[in-house]
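Participant: got a predicted structure here, sequence first:
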Amino acid sequence: MAGKKAFALRLDEKMMKAIEKWASDEFRSTNGQLEWIVREALKKNGRLPKNEN
């Protein structure tokens, strides 16, 4: 995986709490969970480069 780029993300408080709970349930950090969610959405929609699947 290429280098990571930091950016600010504003989420509704209830959404953030749900993501934090989900991350905990999956034994991931909140950031790791968000990365996983985005990666899965990109894969599902054919938006990742072929070598990243």
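Facilitator: The structure has been received and is ready for your questions. Numbering: from 1, shown residues only.
Participant: which residues make contact with the helix ranked longest in the chain from outside it?
Facilitator: Looking across the chain with DSSP state H, the single longest helix is helix 30-44. Residues outside helix 30-44 that contact it (CB atoms under 8 Å, 6 or more residues apart in numbering) are Leu9, Met16, Ile19, Glu20, Trp22, Ala23, Glu26, Arg28, Arg47, Leu48, Asn53. For the C-beta atoms, the positions are set from N, CA and C on the backbone; glycine is no exception.
Participant: which SSE is the third one in?
Facilitator: Ile19 is located in helix 13-25, with elements delineated by DSSP states H and E.
Participant: quick check: angle from that helix to helix 30-44?
Facilitator: Computed by axes from the mean of the first three to the mean of the last three CA atoms, to 10 degrees, the angle separating helix 13-25 from helix 30-44 equals 90 degrees.
Participant: flag every buried residue along helix 13-25.
Facilitator: Using 16 or more other CB atoms under 10 Å as the test for burial, helix 13-25 gives Ile19, Ala23.
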